[in-house]
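Trainee: Here is my input, please return the structure:
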Amino acid sequence: MDNFFALKGDTLIPFTELTVHSQSLSMRYGISLFEGIRGYKNKNGAVRFFKLKEHLERLNTSLRLMSLPEIDLVAVKRNSYSLLDINKISEDLYLRISVNFDELGDLNGDFLPTVYMTVNKMGRKKWIAEGRKMKLKLSDIRKPSKKMFSQEIKNISNYATAKVALISAKKEGFDNVILRTSEGKIAESATSNIFCIRNGELYTPADDQDILKGITRKTVIEIAAELGIKTHLLPISEEDLFSMDEVFICGTGIEFASIGQVSEKVYEKSNIMETVMNSYFQKVREA
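Mentor: Have a look, this model is predicted:
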């Protein structure tokens, strides 16, 4: 990435020179909203962003839920492809768009958005590339309730709880965590949604279970419907989780990861995930 260029507003900047002031409103108060978007090389050899429109709409939804100014999505889309062309990337990639507030001051100041963009090459993570299964800890740390701060908002502050839980889990030899709702139901992993399979059917926490309604999650549900696999969206208890035949997580960055263990419970199967995942990669290559 050192040789890549980034965008700050409409200004092209070498990636290594992209900075945010330590006294900016974003840094002082943890207000920085973002989206991560995958780009895939399609069958014609062109790289296209997958569901860019949905990601950008969700970014504006996050801003709106925080009563912050929305951004010009047409301009952001145009700049996204301009950045791709400038960096001459011709393989799978990851685009990060963040909305920061660069003014110095306190919470009484004006919050004027500046859009930052970075892009880097990104293929499959080791869970797919090496066929490895992930070991998760069912954390005792709870996610903040939506009554405190909406978990639909993709703001950096919403990931602090997950990071604390992840540090603890990794010290114990786990790869990732499952966080629970304030009521103790299964929510999601640190940065990914969770799916469980029992008797050939999918189960995933419902939209009201303090989760981020992931775009990859939505795609999995759509693919399952196309394949004739029923999906249940409902609260999932710890007992439900441990009674499942198969578990996997999904998200833009990680794409897919099969879960081999949650705390002491071992899962050996990954058949449904592999079927859905294969359909997913067919779909993204057709975009």
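
Trainee: which parts of stretch 218-236 are buried?
Mentor: Neighbour-count burial for stretch 218-236 flags 219-221, 223-224, 229, 236 (criterion: 16 or more other CB atoms under 10 Å). Bear in mind the C-beta positions are built from the backbone N, C-alpha and C, glycine included.

Trainee: What count of nearby residues applies to His55?
Mentor: By other CB atoms under 10 Å, 24 other residues sit near His55.

Trainee: what are the phi and psi values for the nearest residue to it once chain neighbours are set aside?
Mentor: In this structure, His55 finds its nearest non-sequential neighbour in Glu35, 4.4 Å apart by CB to CB, 6 or more residues apart in numbering. Here is the backbone geometry of Glu35 (degrees, to the nearest 10): phi -140, psi 140.

Trainee: can you check Lys126 too?
Mentor: phi -60, psi -20.

Trainee: and it, what does it touch?
Mentor: Contact analysis of Lys126 by CB atoms under 8 Å, 6 or more residues apart in numbering lists Arg132.

Trainee: Tell me what the residue nearest to His55 is bridged to.
Mentor: Ile97 (DSSP bridges).

Trainee: wait, doesn't it sit right on Glu54?
Mentor: No: if you go by CB atoms under 8 Å, Glu35 and Glu54 don't touch, sitting 9.4 Å apart.

Trainee: more crowded one of the two?
Mentor: Remark: of Glu35 and Glu54, Glu35 carries more neighbours, 22 against 14, as counted by other CB under 10 Å.

Trainee: How much space separates the more buried one from Ile194?
Mentor: Glu35 sits 20 Å away from Ile194, going by CB to CB, to the nearest Å.

Trainee: ditto for Ala287
Mentor: If you measure Ala287 against Ile194 using CB to CB, the figure is 25 Å.

Trainee: Now the element after the strand or helix carrying Phe248, going C-ward?
Mentor: Using DSSP states H and E, Phe248 falls within strand 246-251. Next along the chain after strand 246-251, taking DSSP H and E as the criterion, comes strand 255-262.

Trainee: for Ile259, what are its contacts?
Mentor: Contact partners of Ile259, counting by CB under 8 Å, 6+ apart, are 133-136, 246-249, 267.

Trainee: let me redo that: Lys133
Mentor: Taking CB under 8 Å, 6+ apart as the test, what Lys133 contacts is 127, 257-261, 267, 270.

Trainee: Now flag whichever of the residues you listed is closest to Ser182.
Mentor: Checking these against Ser182 by CB to CB gives Ile259 as the nearest, at 23.3 Å.

Trainee: which non-adjacent residue is nearest that closest one?
Mentor: Nearest non-adjacent residue to Ile259, counting by CB to CB, 6+ apart: Val247, 4.0 Å away.

Trainee: Report the beta-bridge partners for the one you found.
Mentor: Beta-bridge partners, per DSSP bridges, of Val247: Cys196.

Trainee: I'd like the distance between it and Gly131.
Mentor: Distance from Val247 to Gly131, by CB to CB: 16 Å.

Trainee: one step back: in the contacts of Ile259, find the pair that's most separated.
Mentor: Every pair of the contacts of Ile259 checked by CB to CB; the farthest is Lys135 and Glu246, at 14.9 Å.

Trainee: Tell me the secondary structure at Gly184.
Mentor: The local conformation at Gly184, judged by DSSP: H, G, I helix; E, B strand; the rest coil, is coil.

Trainee: And for it, the neighbour number?
Mentor: 12.

Trainee: how close does it sit to Asn176?
Mentor: Look at Gly184 and Asn176: by CB to CB, they are 19 Å apart.
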